[in-house]
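Participant: model the structure of this input:
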Amino acid sequence: MKYPLISLIIPAYNEEKSIKHCIESAIRSSGGKFHEIIVVNNASTDNTKAIALSIEGVRVVDETQKGLTKARQCGYAHATGSLLAYIDADTRMPSDWFNLVESEFQKDSNLVCLSGPYTYFDIDFIQNFFVKMYWYLLGIPMYWITGYMVVGGNFVIKKSTLEKMNGFDTNISFYGEDTNIARRAHYHGKVRFNLHLIMPTSGRRFANEGILATAWNYVINFLSEVFIHKPITKGYTDIR
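Facilitator: Here you go, the predicted structure:
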């Protein structure tokens, strides 16, 4: 059975504290089976690029226009795999992630995009409990209603689907960009949200902005993308 070539793309802006751990966890998870690992250096002013280049097999491409969707688009333009996996630079890929992605796309030819939830490795038990309740009480019901959902630091999409979508919407700065991806991909096939495709990540935005405010921003922009096809929150703050 032929397995798809999976390109891993990691947008990174000033991620010198996290990028090494992120890449090393991805290499361990895949057993070195990623077709390529591309770090998109998105106008970083720290040592992100040098650290990424120090890891064997990692390719760094520069996107000088700062912006998450611009970095995603740059990764898409340079990737050569048939599946493009996007994770955030502050994530820690678990051991079963790569195999689950391969399995899901192998068994369903109609699947065009796959995503799953975050867990957080640096917030306390109570906060993680509220995050879990968010997924079960709000996130999953919204997924059942719409038929699509993507978490921006934990998704895999067919390159052919992105081609049909004309890539990412680079007019979106941050909030709502993941739902925009899910909604547009949904026109071309199945978008699956798998609760077992977990990606541990940093809760630094919770610590800086508060868990309720952060959740509100994500929920309101999910709904605005669903109903009016654009996010309503224009600005955002980089948390490092």
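Participant: dump the residue contacts of the residue nearest to the spatial centre of the chain.
Facilitator: When the chain is reduced to its mean C-alpha position, the closest residue under Cα atoms, centre = their mean turns out to be residue 153, at 2.2 Å. With Cβ atoms under 8 Å, 6 or more residues apart in numbering as the criterion, the residues that contact residue 153 are 86-88, 90-91, 118, 199, 201. Using the backbone N, CA and C atoms, a C-beta is placed for each residue, glycine as well.
Participant: which ones among the residues you listed lie within strands?
Facilitator: Within those, residues falling in strands by DSSP state E are 86-87, 118, 199, 201.
Participant: now the helices for the chain?
Facilitator: Along the chain, the stretches classed as helices by DSSP state H are 19-30, 48-53, 68-78, 97-107, 125-134, 140-146, 159-164, 177-186, 204-209, 211-228.
Participant: contacting residues around the longest one?
Facilitator: Among residues not part of helix 211-228, those counted as contacts by Cβ under 8 Å, 6+ apart are 127, 130-131, 134, 138, 142, 146, 175-176, 179-180, 183, 205-206, 209, 230-233.
Participant: can you tell me the closest non-neighbouring residue to residue 17?
Facilitator: In space, residue 17 comes closest to residue 240 once its chain neighbours are excluded; the distance is 7.5 Å by Cβ to Cβ, 6 or more residues apart in numbering.
Participant: isn't that neighbour up against residue 14?
Facilitator: Yes - assessed by Cβ atoms under 8 Å, residue 240 is found in contact with residue 14 at 5.4 Å.
Participant: and those two? Which one has more around it.
Facilitator: Higher neighbour count among residue 240 and residue 14: residue 14, with 18 against 14, using other Cβ atoms under 10 Å.
Participant: any idea how far residue 89 is from the more buried one?
Facilitator: Taking Cβ to Cβ, to the nearest Å as the measure, residue 14 and residue 89 are separated by 9 Å.
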